[in-house]
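J.: build me a model from this:
(one chain, ligands or ions: 1)
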Amino acid sequence: MSEPRLSTELMRRFSRITWITLASYMALVMVVFAGISEIGLRRSLEQSSDLVNSLLGMYADPSGAPDSVGPAMLADQLVGMGERFAITRTTTAADGVPTIYYLSPTMPAKRLGEITATTRDEMRRQVLEALSDRARGQYRILHRPAGEFDIYVVGSRVPFLLGFGALAVGAVLLLPLAALASRSSARRSVADTLVPLQAVADDMARIVPEDLRHRIATPTGQQDVTELATIINGMLDRVERAHRTLGSFTADASHELRTPLTHIRARVQWCLGEHRTDDEVQEALVAIQREVDRTTKMVDDLLLIARGENRQLSIDREEFDLAEVVHEVEEITHAMADGKEISVSGVADGPLLAVGDANRTRQVLLNLASNAVRYTPSGSVRFATEQSDTMVCASVQDTGIGISPAQMERIFDRFYSGDPSRSRALGGAGLGLTIAKVLAELQGGRIEVSSVSEQGSSFSLWLPRSAANIRRS
Ligand code: ADP
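T.: Numbering: from 1, shown residues only. Predicted coordinates for the structure are as follows:
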């Protein structure tokens with residue numbers, strides 16, 4: 001299914017809004033026009049009725065000719081023949097029966113016949129009915145009682161209807177023209193608006209896996225697009241870094257595996273040489289075994305990292321006492337620090353209930369503790385615990401060589417050794433912190449580091465806290 005282009009979609013929406021706006025505006029203009037016309041007509045009818053009212057004295061004589069006129073004729077007179085007003089007068093005889101006369105300015109008064117009404121109200125209703133039958137919406141009728149008289153004034157709506165019609169025709173003809181004009185200017189605006197987005201797309205098209213250094217140029221001229229470009233640039237930074245790490249990982253892994261293999265081969269060749277004593281061969285085999293063990297451990301570590309990163313490592317999610325694990329690690333650290341001028345101490349009041357994998361946590365803390373001992377020529381290694389609302393923490397603080405800000409960015413990378421000469425001498429393959437980070441994250445936790453060069457470092461392992469944790473902060 002082909003998706004619409006953004007410009008097409010914007011234009012479609014814009015056109016719809018334009019049509020709705022213009023049509024609503026026209027409808028509003030017509031409603032206002034109709035309202036004003038009606039009010040004007042009513043005003044003019046009221047003025048006429050006021051005038052007629054002031055002249056009523058002239059129509060006072062009801063004793064006219066005996067002819068009678070029906071309401072229909074009265075209506076014809078008013079509507080059909082274009083009179084503007086008519087007057088009726090009601091007199092009541094002694095027996096209470098009303099007699100109604102139609103008064104005309106030019107003729108004697110006539111009795112209003114064909115009327116079945118026995119009351120004046122009924123008579124008015126019948127007259128008004130006859131009038132509205134004739135008016136058919138084209139006329140507006142105003143009835144005003146004035147003592148014995150009833151004044152009926154009629155005004156034509158025809159001029160207003162003509163104006164209304166002209167307006168409607170104008171609207172129907174002009175609306176498409178207005179919509180067309182606004183459409184062409186909208187097309188230009190939409191094209192202008194999409195220029196920064198197009199520039200971002202062009203920049204992105206230039207970024208290829210072989211060269212990830214290019215970035216999208218910012219600012220783009222539009223805040224939203226600049227924000228998007230900044231997010232993409234941030235993502236590219238991470239992708240480039242991951243790409244570089246992967247590249248250097250392959251090189252590092254090959255190097256790390258080649259070195260022991262070269263050593264092993266050299267020793268095997270040496271053993272195969274002539275005149276080797278049993279003791280010499282035995283010594284070489286022990287050295288070979290050491291290399292094989294070291295290499296096996298490295299391969300195991302790499303496998304653990306790969307499985308961890310691919311979420312294929314089985315990790316418990318059980319409640320355990322972190323303070324107890326810290327205590328065990330502290331004991332082992334005493335042994336690790338044996339022979340060095342390092343004091344090991346720790347406060348781990350328990351229980352401090354975490355949710356995770358106790359064995360993996362022990363492995364992480366042992367890595368951190370072994371680093372602390374290895375990178376502290378003399379001084380102290382201290383264990384501590386703390387907790388927040390949702391997490392518990394075990395930290396290992398040392399007073400060792402510290403980590404520079406430049407190193408800090410890379411210490412969790414695979415095979416990274418801050419100072420290769422020093423680290424290699426201390427026996428690390430640069431995988432310990434990578435493993436620690438992977439295991440912490442798999443348990444829903446994280447590792448935080450703070451360090452000052454030549455003064456010491458602090459590594460904190462944060463893990464989810466158990467709901468049952470009752471220890472007070
Ligand atoms: P390694 O096997 O090299 O110790 P790690 O992944 O454990 O590998 O650590 C990576 C690097 O981080 C180390 O080579 C070292 O430079 C630095 N590092 C880790 N822990 C400490 C520490 N406690 N003090 C100083 N530097 C440290």
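
J.: Three-state assignment for the residue nearest to residue 171 when sequence neighbours are not counted, please.
T.: Distances taken as C-beta to C-beta, 6 or more residues apart in numbering put residue 26 closest to residue 171, at 4.2 Å, once the chain neighbours are dropped. For every residue, glycine as well, the C-beta is placed using N, CA and C. Applying DSSP: H, G, I helix; E, B strand; the rest coil to residue 26 yields a three-state assignment of helix.

J.: what of residue 354?
T.: strand.

J.: for stretch 219-233, give me every contacting residue.
T.: The contact list for stretch 219-233 (C-beta atoms under 8 Å, 6 or more residues apart in numbering) reads 193, 195-197, 199-200, 203-204, 215-218.

J.: buried ones in that stretch?
T.: 220, 222, 225-226, 228-229, 232 (16 or more other C-beta atoms under 10 Å).

J.: of these, which pair is most distant in space?
T.: 222 and 232 (14.3 Å; C-beta to C-beta).

J.: out of everything not next to it in sequence, what's closest to the residue of the stretch 201-350 of the chain found nearest the ligand?
T.: Relative to the ligand, the nearest point of the stretch 201-350 of the chain is residue 301 (9.5 Å; C-beta to the nearest ligand atom). Nearest non-adjacent residue to residue 301, counting by C-beta to C-beta, 6+ apart: residue 431, 4.5 Å away.

J.: residue 29 now?
T.: Residue 29 sits nearest to residue 167 (C-beta to C-beta, 6+ apart), 7.1 Å away.

J.: low pLDDT regions in the stretch 351-473 of the chain?
T.: The model of the stretch 351-473 of the chain has pLDDT under 70 over residues 419-427, 469-473.

J.: try the chain
T.: In the chain, residues with pLDDT under 70: 1, 57-83, 96, 104-108, 113-118, 348, 419-427, 469-473.

J.: in it, which spans are strands?
T.: 68-69, 85-92, 98-103, 110-112, 139-146, 149-156, 318-321, 341-346, 353-356, 378-387, 391-398, 446-452, 456-464 (DSSP state E).

J.: for this protein, what lies in contact range of the ligand?
T.: Counting by C-beta under 6 Å from any ligand atom, the residues of the chain close to the ligand are 371-372, 375, 398, 400-403, 407, 411, 416-418, 423, 428-434, 457.

J.: inside helices: which ones of those residues?
T.: Using DSSP state H, the subset of those located in helices is 371-372, 407, 423, 432-434.

J.: how near is the residue nearest to residue 447 when sequence neighbours are not counted to residue 241?
T.: Leaving aside its chain neighbours, residue 447 sits nearest to residue 440 (5.0 Å; criterion: C-beta to C-beta, 6+ apart). Separation of residue 440 from residue 241 (C-beta to C-beta, to the nearest Å): 20 Å.

J.: tell me where the stretch 51-200 of the chain has helices.
T.: With helices called from DSSP state H, counting those that start in this stretch, the stretch 51-200 of the chain shows them at 71-75, 120-135, 158-205.

J.: what count of nearby residues applies to the residue nearest to residue 206 when sequence neighbours are not counted?
T.: Leaving out its chain neighbours, the residue that sits closest to residue 206 by C-beta to C-beta, 6+ apart is residue 214, at 5.3 Å. Residue 214 has 15 neighbouring residues, counting by other C-beta atoms under 10 Å.

J.: can you check residue 333 too?
T.: With other C-beta under 10 Å as criterion, residue 333 counts 24.

J.: next, the contact list for it, please.
T.: By C-beta under 8 Å, 6+ apart, the neighbours of residue 333 are 344, 369, 372-373, 381, 383.

J.: one more time with 10 Å, if that's ok
T.: Taking C-beta atoms under 10 Å, 6 or more residues apart in numbering, we find residue 333 in contact with 342, 344-346, 365-366, 368-370, 372-373, 381, 383, 396.

J.: correct me, but the residue nearest to residue 301 touches residue 304?
T.: Yes. If you go by C-beta atoms under 10 Å, residue 431 and residue 304 touch, sitting 8.7 Å apart.

J.: which one's more surrounded, those two?
T.: Neighbour totals were compared for residue 431 and residue 304, and residue 431 leads with 23 against 18 (other C-beta under 10 Å).

J.: picking up where we left off before, ok, the residue nearest to residue 29 to residue 138 distance?
T.: 18 Å.

J.: okay, these two: which has more neighbours?
T.: residue 167 (15 against 12).

J.: export stretch 313-322 to CSV, keeping only CA atoms.
T.: Extracted as CSV, the C-alpha positions of stretch 313-322 are listed here (Å, rounded to 0.1, in the frame of the first residue of the first chain):
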residue,chain,number,x,y,z
LEU,A,313,21.4,-15.9,30.4
SER,A,314,19.2,-17.5,33.0
ILE,A,315,18.8,-15.0,35.9
ASP,A,316,16.9,-15.6,39.1
ARG,A,317,14.4,-13.0,40.2
GLU,A,318,14.2,-13.9,43.8
GLU,A,319,14.3,-12.1,47.1
PHE,A,320,17.8,-12.3,48.8
ASP,A,321,19.7,-10.5,51.4
LEU,A,322,22.2,-8.1,49.8
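
J.: what residues of that stretch count as buried?
T.: 313, 320-322.

J.: in contact with residue 384, which residues?
T.: Residue 384 sits in contact with 326, 345-348, 393-397, 458, 460, where contact means C-beta under 10 Å, 6+ apart.

J.: show me which pair in the ones in helices among the residues of the chain next to the ligand is furthest apart.
T.: Taking C-beta to C-beta, the two most distant members of those are 372 and 434; they sit 17.0 Å apart.

J.: have a look at the two and say which one is more surrounded.
T.: The neighbour comparison of residue 372 against residue 434 (other C-beta under 10 Å) goes to residue 372, with 28 against 24.

J.: pretty sure that one contacts residue 451?
T.: No. The pair residue 372 / residue 451 is not scored as a contact, 11.1 Å apart, by C-beta under 10 Å.

J.: domain-wise, how is this protein divided?
T.: Per automatic domain parsing, the domain ranges recorded for the chain read 6-160, 223-309, 318-472.

J.: out of those domains, which is the most enclosed?
T.: Among those, the stretch with the highest mean neighbour count (mean count of other C-beta atoms under 10 Å) is domain 318-472, at a mean of 18.

J.: for the residue nearest to residue 280 when sequence neighbours are not counted, what are its contacts?
T.: Nearest residue to residue 280, sequence neighbours excluded (C-beta to C-beta, 6+ apart): residue 271, at 8.0 Å. Residue 271 makes contact with 280-285, 288 under the criterion C-beta under 10 Å, 6+ apart.

J.: out of those, who's nearest residue 183?
T.: residue 288 (82.5 Å).

J.: just list the residues touching residue 198, thanks.
T.: Applying C-beta under 10 Å, 6+ apart to residue 198 gives the contacts 6-7, 191, 225.

J.: ok, residue 160 - contacts?
T.: Going by C-beta under 10 Å, 6+ apart, residue 160 touches 33-34, 36-38, 40-41, 138, 140.

J.: what separation do you get for the nearest residue to residue 304 once chain neighbours are set aside and residue 112?
T.: Nearest non-adjacent residue to residue 304, counting by C-beta to C-beta, 6+ apart: residue 435, 6.0 Å away. Distance check for residue 435 against residue 112: by C-beta to C-beta, it reads 113 Å.

J.: hang on, the earlier thing: joint contacts of residue 372 and residue 451?
T.: Residues touching both residue 372 and residue 451 (C-beta under 10 Å, 6+ apart): 397-398, 400, 457-459.
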